[in-house]
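K.L.:
Using only what follows, build the 3D model:
(2 chains)
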Protein chains: 2
Amino acid sequence: MNLNELYEELSLLLADKKMALVKAKLTDLLPADIADFFEQISRENVLLVFRMLPKDLANEVFAFLEPDKQQIIIDAITDKELSVIVEELYIDDAVDMLEELPASVVKRVLKNAAPDTRKLINQFLNYPENSAGSIMTAEFVNLRPDMTVGDAISHIRKTGNDRETVYTCYVVTKSRELLGVCTVKDLLMAPDDKPVSEVMEDTEIIYVNTSTDQEEVALLFSKYGFLALPVVDNEKRLVGIVTVDDAIEVLEDEVTEDIEKMAAILPSEKSYLKTGIFETWKNRIPWLLLLMISATFTGAIISSFEAKLVAFPALTAFIPMLMDTGGNAGGQSSVTIIRSLAVGDVNLSDWFKIFLKELRVSILCGLTLGVCNFAKIMLVDRLIFKQSEITLTVALVISLTLLIAVIAAKIVGSCLPLMAKKVKLDPAVMASPFITTIVDAVALVAYFKIASTFLKI
Amino acid sequence: MNLNELYEELSLLLADKKMALVKAKLTDLLPADIADFFEQISRENVLLVFRMLPKDLANEVFAFLEPDKQQIIIDAITDKELSVIVEELYIDDAVDMLEELPASVVKRVLKNAAPDTRKLINQFLNYPENSAGSIMTAEFVNLRPDMTVGDAISHIRKTGNDRETVYTCYVVTKSRELLGVCTVKDLLMAPDDKPVSEVMEDTEIIYVNTSTDQEEVALLFSKYGFLALPVVDNEKRLVGIVTVDDAIEVLEDEVTEDIEKMAAILPSEKSYLKTGIFETWKNRIPWLLLLMISATFTGAIISSFEAKLVAFPALTAFIPMLMDTGGNAGGQSSVTIIRSLAVGDVNLSDWFKIFLKELRVSILCGLTLGVCNFAKIMLVDRLIFKQSEITLTVALVISLTLLIAVIAAKIVGSCLPLMAKKVKLDPAVMASPFITTIVDAVALVAYFKIASTFLKI
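P.N.:
All right, here's what the predicted structure looks like:
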């Protein structure tokens, strides 16, 4: 199955106006794949193809479309058609869409929603961005504790059609307080006459609040392997559920955000090819500027030791190696700690264990690099290239600086993310580019101090 | 609900030998949380606590334990107890465990498995590492196309208890060829007397082969929002399913691996605090050594221009800034492309779009940085610090070099991951540390050439 080939074939058929064939081929695809095809066609064809799809399929595909394509369609259809689409969307998909669309379009969508839907959408739009409330859905199955298993199953069979998931059902009181959780598997495995209250899990229900951060929600999914997680308000009343597919999306987005931060990029909501040139520039330039300015301090250190470099020019050639190795060593530690914090492998209380471990590893790495560097200088630079300036003392100065730079780099690299976490900043910001600047300064000062002492310059 | 506090309380109770209380509190927790508690207690207590748990719960907890804890328990229990545990494990959990345990323990586990289980485990152990076969499970629900919906539901109710998921059922021929997929929701929403063949989805079934890479499998989950995915052998016979919880684990592991590679670390299977000092050293030192050696080329470039630096010492002070800014600019591009490739936002055929985009963004970034740098040199270095050596020409040389370095960095940074992908290497290896070394060399050569020309040195 090669989708890209199929998309190309479809594009050709579309250009030839062979609509019946396009329709036949498209309706065989899954909604997510049809939505992908919309990304490849012109504005006019978006409308043409959308209108061609059977109504039910069109509604399903609509939920998978990117906001710009959704807007093209909304702008072209009648109020009545719009109202049907909005009612068919799950609340969380509708909210996702509305968060991206311009205000005028949002207004028209809300105007054409049924009053109940409109109220729900408005409520959902008010939850803070990246909270459980903003990713949850309101379409889930409610059960009562006094129902029998048989009742519960027939209730699901009657009402489950427009629920996002039927597999995890929630047992609530009349005032919608969460009493227990009950999977369809539990129900199916139990005899028909058993009451739901005896089948449900009620001792340790894992739930989140509407304001819980979405990343925390996603981590609960990866820890417990849930298919859905209940979301309650401050009175512990059930208001929605988060489903596992949304949790996966959050995990992927949060990872992309962390990786961008680690690479000194401001996180972007859009995918790479959809982000405009100026937007990409805007996301990348702030950190580049800041890091460029801070790198001038390193320059100032070199300036202040200029006399020594003039007296001993061979020292200059080793500056890049010392800086890069320090930066790489620090980057390894910071990235490891940032990721371990993100997946919950370490937390703040482990700081001393981390410090000890990084200290030991950095001594080992520093010694290895120092020894190899010493050997390389003595063998290659002195014996083979016969650089008379590079004496045994120079080799020692450089190797000793390397040891110190690697140790400093790994300590700084592992401590900064922990400190960031402590003061509730995002640890991901404390990654390689940031640490490089600090480590450069440390390495250069150490280098010149050691050189002054040993080489008496 | 604060689990860490609870764990501390439990540890104190354990120290005081208040076993009944420990048992009462533990049995209220979820299996994954009980397994977490095992990570915090001594070897002796692992056994003590494990034996204290009700049998069924103990078996569930066992699947969540880390391999070292599983081994402690296996080493201490009788063959009969072991055989019960193995039979209760889902095949994929058993295989995960056996892949981590020493050969002698594996032998004992297999000896105590029922012949059918043993055969299945052996078959699973033979699938290549990181393939769909290695993460799939064999416990799923099979349906026949001629069953009615009512038959299917009662079949699930009878046999579903020991299946890892009942929510996606697979319709197969007598020779186990995959005919269609049918969710429990589909079944529950259909009338009892409809045949399964009319309910199942059979036009575009998404399935994978046992040898499909696990990362590809996980991406299908994030694209389509599946709860389970069928795995077939080369004759298209259904041999297993991958469930969404395993897919999430794969996504997390692959991301950690990518992040480690991007930070020039060899990927490790274990979590940070579980990896020994020497192992951490072994994972970090190869790239550090390699990058240290390659950084000597940069040193060689500086050496070859040594005479110019002696003639014009002020140039040296700007080397770190030029190198760091180039490295950061290249890192931004490489990391963006690596992540976009990993999540499928771009692929190889987009190379020209990517090239054009990075070229434009790099010119914008380079100009911004060049102008800011020029202003900073003229205002700060010349006017405030009155450094007479820094003339208008020097400021121009440095800013021009910066522009060229940033453009080169972004082009190299975006092209190398694409080339790696082209020759089927992992793009993640082509991240910042690697690109830094290349960009350093480019920046330095440009710097000295431009300086020679404009400053006539």
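
K.L.:
Residue A:23: neighbour count?
P.N.:
In terms of burial, residue A:23 registers 15 neighbours under the definition other Cβ atoms under 10 Å in any protein chain shown. Backbone N, C-alpha and C define where each C-beta goes, glycine included.

K.L.:
Tell me which residues touch the nearest residue to it once chain neighbours are set aside, please.
P.N.:
Beyond its immediate neighbours in the sequence, the residue positioned closest to residue A:23 (Cβ to Cβ, 6 or more residues apart in numbering or on different chains) is residue A:52, lying 5.1 Å away. Taking Cβ atoms under 8 Å, 6 or more residues apart in numbering or on different chains as the contact definition, residue A:52 lies against A:19, A:22, A:23, A:26.

K.L.:
next one: residue A:148
P.N.:
Applying Cβ under 8 Å, 6+ apart, one finds that residue A:148 lies in contact with A:192, A:193, A:194, A:195, A:196.

K.L.:
got the contact list for the residue nearest to the last one when sequence neighbours are not counted?
P.N.:
Nearest non-adjacent residue to residue A:196, counting by Cβ to Cβ, 6+ apart: residue A:147, 4.7 Å away. The contact partners of residue A:147, taken as Cβ under 8 Å, 6+ apart, are A:155, A:195, A:196.

K.L.:
Among those, which lie within helices?
P.N.:
With helices identified by DSSP state H, the entries of the contacts of residue A:147 that belong to them are A:155, A:196.

K.L.:
List just the nearest of the contacts of residue A:147 to chain B.
P.N.:
residue A:155 (10.5 Å; Cβ to the nearest Cβ).

K.L.:
can you tell if stretch A:25-38 touches chain B?
P.N.:
Yes - contact check for stretch A:25-38 against chain B, using Cβ under 8 Å from any Cβ of the partner chain: residues in range are A:28, A:29, A:30, A:32, A:33.

K.L.:
tell me how far the ends of that stretch are from each other?
P.N.:
Using Cα to Cα, to the nearest Å, the end-to-end distance of stretch A:25-38 comes out at 14 Å.

K.L.:
Would you mind listing the buried residues in it?
P.N.:
A:26, A:29, A:30, A:31, A:32, A:33, A:34, A:35, A:36, A:37, A:38 (16 or more other Cβ atoms under 10 Å in any protein chain shown).

K.L.:
got TSV for those residues, with secondary structure and distance to residue A:364 too?
P.N.:
What follows is the buried residues of stretch A:25-38, written out as TSV (DSSP: H, G, I helix; E, B strand; the rest coil; distance: Cβ to Cβ, whole Å):
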residue	secondary structure	distance to residue A:364
A:26	helix	59
A:29	coil	55
A:30	coil	51
A:31	helix	53
A:32	helix	48
A:33	helix	51
A:34	helix	55
A:35	helix	51
A:36	helix	49
A:37	helix	54
A:38	helix	54
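
K.L.:
Let me know the closest of the residues you listed to residue B:410.
P.N.:
Nearest to residue B:410 out of the buried residues of stretch A:25-38 is residue A:36 (Cβ to Cβ; 28.4 Å).

K.L.:
ok so, going back, of the contacts of residue A:147, which is the most crowded?
P.N.:
The member of the contacts of residue A:147 surrounded by the most neighbours (other Cβ under 10 Å) is residue A:196, with 24 neighbours in all.

K.L.:
how near is that residue to residue A:232?
P.N.:
The gap separating residue A:196 from residue A:232 is 19 Å, by Cβ to Cβ, to the nearest Å.

K.L.:
go on, residue A:141?
P.N.:
As judged by Cβ to Cβ, residue A:141 and residue A:232 stand 16 Å apart.

K.L.:
Likewise for residue A:358?
P.N.:
When distance is defined by Cβ to Cβ, residue A:358 is 41 Å away from residue A:232.

K.L.:
How about residue A:110?
P.N.:
Applying Cβ to Cβ, the value for residue A:110 to residue A:232 is 26 Å.

K.L.:
and residue A:235, how many neighbours?
P.N.:
The number of residues packed near residue A:235 is 9, by other Cβ under 10 Å.

K.L.:
how about low-confidence regions in chain A?
P.N.:
Along chain A, the model assigns pLDDT under 70 to residues A:1.

K.L.:
would you list every one of the strands in it?
P.N.:
A:142-143, A:168-172, A:178-183, A:208-209, A:228-232, A:238-243 (DSSP state E).

K.L.:
Okay, helices next: where are they in the stretch 101-250 of chain A?
P.N.:
With helices called from DSSP state H, counting those that start in this stretch, the stretch 101-250 of chain A shows them at A:103-111, A:115-125, A:132-135, A:149-159, A:184-189, A:196-199, A:214-224, A:244-262.

K.L.:
In the second one, which residues are buried?
P.N.:
In this case it means helix A:115-125. Going through helix A:115-125 with 16+ other Cβ under 10 Å, the ones that come out buried are A:117, A:120, A:121, A:123, A:124.

K.L.:
that older thread, compare residue A:110 and residue A:232 (neighbour count), which wins?
P.N.:
Taking residue A:110 and residue A:232 together and counting by other Cβ under 10 Å, residue A:232 has the greater number of neighbours (21 against 16).

K.L.:
Quick one: residues contacting the more buried one.
P.N.:
By Cβ under 8 Å, 6+ apart, the residues touching residue A:232 are A:178, A:207, A:208, A:209, A:210, A:238, A:239.

K.L.:
and the residue lying closest to the last one once chain neighbours are set aside, how many residues sit next to it?
P.N.:
Residue nearest to residue A:239 in three dimensions, not counting chain neighbours: residue A:233, with 5.1 Å by Cβ to Cβ, 6+ apart. Using other Cβ under 10 Å, the number of residues around residue A:233 comes to 14.

K.L.:
OK, contacts around the spatially most central residue of chain A?
P.N.:
If you average the C-alpha coordinates of chain A and look for the closest C-alpha using Cα atoms, centre = their mean, you land on residue A:254, 1.6 Å from that point. Residue A:254 is in contact with A:214, A:215, A:218, A:342, counting by Cβ under 8 Å, 6+ apart.

K.L.:
before we move on, what about residue A:327?
P.N.:
Counting by Cβ under 8 Å, 6+ apart, residue A:327 touches A:409, A:432, A:435, A:436, A:439, A:440, B:327, B:433, B:436.

K.L.:
one more time with 6 Å, if that's ok
P.N.:
For residue A:327, the contacting residues are A:436, A:439, by Cβ atoms under 6 Å, 6 or more residues apart in numbering or on different chains.

K.L.:
Then the one 10 residues further on?
P.N.:
By Cβ under 6 Å, 6+ apart, residue A:337 lies in contact with A:414, A:417.

K.L.:
Which segments of chain A make up each domain?
P.N.:
A:3-129, A:142-250, A:272-455 (automatic domain parsing).

K.L.:
State the distance from residue A:282 to chain B.
P.N.:
Using Cβ to the nearest Cβ, to the nearest Å, residue A:282 is found at 9 Å from chain B.

K.L.:
hmm, I was thinking of residue A:357
P.N.:
Look at residue A:357 and chain B: by Cβ to the nearest Cβ, they are 6 Å apart.

K.L.:
number of nearby residues for residue A:216?
P.N.:
Look at residue A:216: counted by other Cβ under 10 Å, it has 13 neighbours.

K.L.:
nearest residue to it other than its sequence neighbours?
P.N.:
For residue A:216, the closest residue by Cβ to Cβ, 6+ apart turns out to be residue A:208, at 7.2 Å.

K.L.:
taking the contacts of residue A:52 one by one, which sit in helices?
P.N.:
A:19, A:22, A:23, A:26.

K.L.:
looking at the helices of the stretch 101-250 of chain A, which is buried most?
P.N.:
For the helices of the stretch 101-250 of chain A, the largest average neighbour count (mean count of other Cβ atoms under 10 Å in any protein chain shown) is found in helix A:132-135, namely a mean of 24.

K.L.:
near chain B at all, that one?
P.N.:
No - under the criterion of Cβ under 6 Å from any Cβ of the partner chain, chain B is not reached by helix A:132-135; the shortest gap measures 13.3 Å.
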